[in-house]
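Colleague: give me a model of this one.
(2 chains)
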Amino acid sequence: MNKINKEKFTALSFFLSPMLLMVVLFYLIPLIMTVYISFTQMRNWNVERYLKDFVGLYNYERLFYMFQHDPTFKAVLLTTIVFVGITLIINVFGGLALALATFFISEKPASSFRLLWLLPRMSPIAVYSLVWYYFFHGSEIGTLNSILMKLGVISQPIPWGQTVPWGAWSIIIFVNGLVGVSFGMIVFTSALNQIPRELVIAARVDGASAWEISRKILIPLTKWHFLYVLTWQFLSLLTTYPHIFLLVQWDLVNRDYGTTLALYVFNTAFGRGEQDQGLAAAAAVILSIIGVIGGFVTLKVLQFEKMMKRPRGDF
Amino acid sequence: MKDVETRPSRYEWVIILAILFASLPLILGFSLLVLSSFSKEMVTNLDLKSFHFTLENWINVFQGKLATTGGIRTNILKVTFHTLVVALGVSGVVTFISALAGYSLSRIDFKGRKHMMILLLILHAFPGVALIVGVYLLYRLTFPQSPDLIRLYSFFYVILARAALEIPMSVWLMKGFFDTIPWEFEWSGIIDGASRIKVWWEIMLPLIKPGILAVALFAFLAGWQDIIYVRTFLIDQTLATFIEANIEAEYTHMPLVAAAGTLYLLPTIIFFLTAQQILLQGYSGGIKG
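Modeller: Prediction:
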């Protein structure tokens, strides 16, 4: 008995220790360090000078003060709310629409379209940003401007991203929305493919249209996936920023109304000019708390635990 | 499953046209970028008159002449090589770690297994990008003093840190691939007295080669596309930071940046054309729960 246990322990440490080491090094320790920095006056990464310079809750007080009085920070918060809310709706319903649309056409064009919509997710972020940089460019080389000018809708090129707040918001929502739609599309497509085809064929025979089949059969059967995409994308939109980063960096969109809280954390810690890691860390801690709570709520809602089966035939 | 036999095909083209219309900005944006790289002027204004075919941009990119007048010279091959090192490194680390962990989560029952899987899900749902301040402090506290070593260490660190972001999802993906292999395969090995490690290496790994390939491919693309980690930790330039730095190039040199962007996009396109099934299946495989 003891020998078997020892063998099992050896095997488990062989299989799991690299992963656990990575989790400790790049999730656990950074989390502790982020909390730690948020209580110091760390700035400009002057580690030698500020690492032990405790200021208690000062950074959190500053955040709260900015929340009340700083127009820039207020713009960032408002942008975060609008961005997460609208992009989430676009992602969930856009993904569902694409999955349904490709469900009703033949396999060949369907998989070409799915592949095409994967492009935003798979292409290098710098190239993806470059594409939209030219598309929404404020001068006449911008594709959107030249289309509208050719159509005679506008006579002068419009700097879309500097039109606050809705110009800047539309661009970051559009750019991120296209990335997120592919996630919903793939999840919903795999869900639709698991539905027994007899249901669809029977409805067809009874003369139901594509719209009726979608509404009465396909959508109700993909409820779990709907919740999955909704909660997952919510967390991801709240905490990721790589796809907006360059748009702000290149001044394509307005700095205040193009920055979400997650990007604000990054730019405050690593951006141009005065860097304030203490403040950034405090904002990151608040984001992390929302993220972890959201994560637990997600798990409860989706009942992932029930889906985890024990491995069979073990000793 | 499709309802091929019963579906009325006369409405099909309406749907196809609708999707095509929705995809228009996407198609337009990417093709204008590629087209511009072969032209003397940017063609993003949709004006056919500004398209003059030339290979000059590509030649200049490979010769490292950025602004022909400004005298900026960057060895683009070296920059591409840096990007490749990061991508291959991330791919290797992620594949190795998730092949190990995925097997044990799929096949071995142990105390804390369920908690570990929930933890991975939470880490996946809560992207580590928010922790980058802490990740950077760890980097600062551990990096060596000598400048040569720092360059090397920055590669090492950026690979590990970026790989860590991919690990939760990849472990789940790999576990899913192991789950599809019937238990009987490894049972025969265990009865013969082989250890779990030996069974994993000799029986299981050859069986899930397609899964390993999928995870390796995803991790490669993740490392290849990254900009945030690369610009934060890496001392040398990659294609991403190169494009970031050169966007303000003079107007006439914009096609050069477009050529660099197209070069950067190339591996993605190649994977698209050769590994379509892996890409589409891999994504749906990871979320089966």
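Colleague: identify the residues contacting A:Tyr134.
Modeller: By C-beta atoms under 8 Å, 6 or more residues apart in numbering or on different chains, the contact set of A:Tyr134 is A:141-143, B:29, B:32-33, B:36, B:42, B:44. In this view, the C-beta of every residue, glycine as well, is placed from N, C-alpha and C.
Colleague: let me have those in a markdown table, extended by neighbour count.
Modeller: What follows is these, written out as a markdown table (neighbours: other C-beta atoms under 10 Å in any protein chain shown):
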| residue | neighbour count |
| --- | --- |
| A:Ile141 | 21 |
| A:Gly142 | 24 |
| A:Thr143 | 22 |
| B:Gly29 | 22 |
| B:Leu32 | 21 |
| B:Leu33 | 26 |
| B:Ser36 | 26 |
| B:Met42 | 24 |
| B:Thr44 | 27 |
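Colleague: keep only those of those that are in helices.
Modeller: A:143, B:29, B:32-33, B:36 (DSSP state H).
Colleague: check what pLDDT B:Leu55 gets.
Modeller: With respect to pLDDT, B:Leu55 scores 84.
Colleague: how about the nearest residue to it, chain neighbours excluded?
Modeller: Excluding the flanking residues, the one nearest B:Leu55 by C-beta to C-beta, 6 or more residues apart in numbering or on different chains is B:Phe38, at 7.1 Å.
Colleague: what do you get for A:Phe73?
Modeller: Nearest to A:Phe73 is A:Met66, by C-beta to C-beta, 6+ apart, at 4.0 Å.
Colleague: do B:Phe110 as well
Modeller: According to C-beta to C-beta, 6+ apart, the nearest residue to B:Phe110 is A:Leu12 (5.8 Å).
Colleague: what strand or helix carries the one you found?
Modeller: Take DSSP states H and E as the rule and A:Leu12 turns out to sit in helix A:2-23.
Colleague: B:Leu234 touches B:Val85, doesn't it?
Modeller: No: judged on C-beta atoms under 8 Å, B:Leu234 makes no contact with B:Val85 at a distance of 9.7 Å.
Colleague: overlap in contacts, the two.
Modeller: B:Phe155.
Colleague: and these two? which has more neighbours close in?
Modeller: B:Leu234 (23 against 17; other C-beta atoms under 10 Å in any protein chain shown).
Colleague: residue ranges for the strands of the stretch 51-200 of chain A, please.
Modeller: Under the criterion DSSP state E, counting those that start in this stretch, the stretch 51-200 of chain A carries no strands.
Colleague: remind me which residues of the chain are low pLDDT?
Modeller: Defaulting to chain A. A:1, A:305-315 (pLDDT under 70).
Colleague: nope, chain B
Modeller: B:1-10, B:65-73, B:126-129, B:249-252, B:280-289.
Colleague: helix or strand for the residue in it positioned nearest to chain A, which one?
Modeller: Closest residue of chain B to chain A, C-beta to the nearest C-beta: B:Gly134 (3.0 Å). If you go by DSSP H and E, B:Gly134 is part of helix B:132-142.
Colleague: can you check B:Thr232 too?
Modeller: Here B:Thr232 is assigned to helix B:228-233, by DSSP H and E.
Colleague: by contact count, what packs against that helix?
Modeller: helix B:132-142, helix B:147-179, helix B:239-246 (3 or more C-beta pairs under 8 Å, 6 or more residues apart in numbering or on different chains; DSSP states H and E).
Colleague: now tell me what touches it from outside.
Modeller: So helix B:228-233 is contacted by A:241-242, A:245, A:266, A:270, B:86, B:129, B:132, B:136, B:139, B:154, B:157-158, B:161-162, B:165, B:238, B:240-241, B:244 (C-beta under 8 Å, 6+ apart).
Colleague: now do that helix: distance to the chain's middle.
Modeller: 15 Å (C-alpha atoms, centre = their mean, to the nearest Å).
Colleague: repeat that for stretch A:150-159.
Modeller: With C-alpha atoms, centre = their mean, you get 32 Å for stretch A:150-159.
Colleague: distance between the ends of that stretch?
Modeller: The first residue of stretch A:150-159 is 17 Å away from its last residue (C-alpha to C-alpha, to the nearest Å).
Colleague: which of the residues in it are buried?
Modeller: The neighbour-count check on stretch A:150-159 (16 or more other C-beta atoms under 10 Å in any protein chain shown) flags A:157-159 as buried.
Colleague: appreciated, that's everything.
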